[in-house]
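**Student:** got a sequence here, can you model it:
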Amino acid sequence: MSCFFHSYHIAGTGGVYYDREPYANIDVSHVTRFIALASVGNKEKQKFIHALSPTPASKMSTVELCTKSPNTTLSPYSFSEETGAGDGSIKRPGDSDSQYWRYDVSQKRQKHGDGVGDRLCFNYVSSGSCARGGNCHFRHDEDAREQSLRGVCFDFLNKGQCERDPDCTFKHSLQEEGKGFPSRRSGSGTGSSNRSKECWFCLSSPSVESHLITSIGEFCYCALAKGPLVEDHVLLIPVEHLPNTLSLPPECEKELSRFRSSLQAYFKRQGKDVVFFEWISKRGTHANLQAVPIPSSKASSVEQIFKLAAKKLGITFTTVQNDNNLDGRKLMGRHLNRNQSLFYVELPCGTILSHIVEENEDFPFQFGREVLAGLLNMADKADWRNCQLSKDEETKMAEHFKSQFKEYDPNS
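**Tutor:** Just a heads-up that it's a prediction; the model follows:
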């Protein structure tokens, strides 16, 4: 997997959290990432801390310094041609009254020539590829592609307006990262736009239980489960509102893998193995990979008890036999159908058991937890609502976990 190196521009004066795509600089070869952090203790509970592991430029090769990630954009500070203001001043794109400068800047006109080159390529924006490649006369814009994936109307991105509105079923405003999984608007037009405010796991949401968060990376974070099955019941969650952890962007998958390895090493020291499981809803809820430590003496029984529970429900698991469950995850991600719900569990031995949940199937939402509760002789804890603690108890539990996990934390 390729690594991309950035310089960072960190700001805190705006009082809001914003993580921009990397952008190319004008006079130097490396790219820069802009990250704005909210105020500590802000009422909106936006992200106010950010962990980095920077590499000094003096220790990097020229090739590494010049490498650009696929989502690199033009510099937002690029000066456009002299305006007709009459005072000889130079205007930045951001000074325009329009918020669409990222998709219509003069620098891109110079690349393609006047006229048609300013328009977006529908094939590239909708599918991520174009058969014409470099011969295409339309723009292949990664930012527009990302906005399209978040459900924004193509005409809105291309022209700044949509003639079909209000009949159009797509969004007519730019969607910030982490503000919901790509989807069309609901009939009321409010469901998708409010998703991150209602989500338990979006860091910008008032509903997020921030006192349970134990470690925050650039793309994923680690938190203790609310109403835990066992004391160190952990959730691994992508920062962005993504629907599952099987088909994450490469940089996010890499960070998730580090978290998984760290947890396995941490629990191994305690004589425990980890069972990972995930419920993937076709409704696109915020992904969370659950990690439950069990005594190593019970590790060999996990597969048998899950299959027994499945038999009682009248279902069978699809088995992915693999010594490296990361390869198994990639295989499942490639065959994942986002129009179907899925449950899967990763056994300590590396085997993955999965089940596609049919439309009208009565599949228990807490199936993974219920099975492990039986394995651990904790039937009374099968439902998380029976295990809720006070906020003070949760805070103490989180602080204790952080102190113990610090040696293994990839972000410490």
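
**Student:** what segments of the stretch 151-300 of the chain are helices?
**Tutor:** Counting by DSSP state H, counting those that start in this stretch, one finds helices in the stretch 151-300 of the chain at the ranges 154-159, 195-198, 250-268.

**Student:** show me the shaky parts of the stretch 251-400 of the chain.
**Tutor:** Scanning the stretch 251-400 of the chain for pLDDT under 70 picks out the ranges 322-326.

**Student:** at 80 instead, please
**Tutor:** The stretch 251-400 of the chain contains residues with pLDDT under 80 at 283-284, 321-327.

**Student:** how far does stretch 346-361 stretch from start to finish?
**Tutor:** End-to-end span of stretch 346-361 (Cα to Cα, to the nearest Å): 22 Å.

**Student:** how about that stretch: buried residues?
**Tutor:** By 16 or more other Cβ atoms under 10 Å, the buried positions in stretch 346-361 come out as 346-348, 351-357. Any C-beta I mention is one placed from the backbone N, CA and C, and that applies to glycine too.

**Student:** before we move on, back to that, can I get the helices of the stretch 151-300 of the chain in JSON lines with distance to Leu212?
**Tutor:** As requested, those are exported to JSON lines (distance: least, Cβ to Cβ, whole Å):
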{"stretch": "helix 154-159", "distance to Leu212": "37"}
{"stretch": "helix 195-198", "distance to Leu212": "18"}
{"stretch": "helix 250-268", "distance to Leu212": "15"}
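
**Student:** for my notes, please list those in JSON lines and give distance to Gly14 and mean neighbour count for each entry.
**Tutor:** Below are the helices of the stretch 151-300 of the chain laid out as JSON lines (distance: least, Cβ to Cβ, whole Å; neighbours: other Cβ atoms under 10 Å):
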{"stretch": "helix 154-159", "distance to Gly14": "25", "mean neighbour count": "20"}
{"stretch": "helix 195-198", "distance to Gly14": "18", "mean neighbour count": "17"}
{"stretch": "helix 250-268", "distance to Gly14": "25", "mean neighbour count": "18"}
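
**Student:** out of those, nearest to Phe365?
**Tutor:** Across the helices of the stretch 151-300 of the chain, the minimum distance to Phe365, taken as Cβ to Cβ, is reached by helix 195-198, at 17.9 Å.

**Student:** tell me the average confidence for that closest one?
**Tutor:** Averaged across helix 195-198, pLDDT comes to 59.

**Student:** for Asn331, which non-adjacent residue is closest in space?
**Tutor:** Quick fix: residue 331 is Leu, not Asn. Val320 (6.4 Å; Cβ to Cβ, 6 or more residues apart in numbering).

**Student:** now for the closest residue to Ala291 other than its chain neighbours: which residues touch it?
**Tutor:** In this structure, Ala291 finds its nearest non-sequential neighbour in Val234, 4.4 Å apart by Cβ to Cβ, 6+ apart. Going by Cβ atoms under 8 Å, 6 or more residues apart in numbering, Val234 touches 214, 222-225, 263, 290-292, 401.

**Student:** sort out for me which of those residues are in strands.
**Tutor:** 214, 222-224, 290-292 (DSSP state E).

**Student:** distance of the residue nearest to Ala291 from Tyr221?
**Tutor:** According to Cβ to Cβ, to the nearest Å, Val234 stands 11 Å off from Tyr221.

**Student:** about what we covered before: show the buried residues in the contacts of Val234.
**Tutor:** Neighbour-count burial (16+ other Cβ under 10 Å) is assigned, among these, to 214, 222-225, 263, 290-292, 401.

**Student:** please identify the helix or strand for Leu342.
**Tutor:** Using DSSP states H and E, Leu342 sits within strand 341-346.

**Student:** so which residues of the protein form strands?
**Tutor:** Per DSSP E, the chain carries strands over the ranges 6-15, 18-19, 23-24, 31-38, 213-216, 220-224, 234-238, 272-280, 289-295, 318-320, 341-346, 352-357.

**Student:** turn these into JSON lines, including distance to Asn386.
**Tutor:** Listed next are the strands of the chain as JSON lines, based on distance: least, Cβ to Cβ, whole Å:
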{"stretch": "strand 6-15", "distance to Asn386": "40"}
{"stretch": "strand 18-19", "distance to Asn386": "37"}
{"stretch": "strand 23-24", "distance to Asn386": "49"}
{"stretch": "strand 31-38", "distance to Asn386": "35"}
{"stretch": "strand 213-216", "distance to Asn386": "23"}
{"stretch": "strand 220-224", "distance to Asn386": "17"}
{"stretch": "strand 234-238", "distance to Asn386": "18"}
{"stretch": "strand 272-280", "distance to Asn386": "19"}
{"stretch": "strand 289-295", "distance to Asn386": "16"}
{"stretch": "strand 318-320", "distance to Asn386": "31"}
{"stretch": "strand 341-346", "distance to Asn386": "21"}
{"stretch": "strand 352-357", "distance to Asn386": "24"}
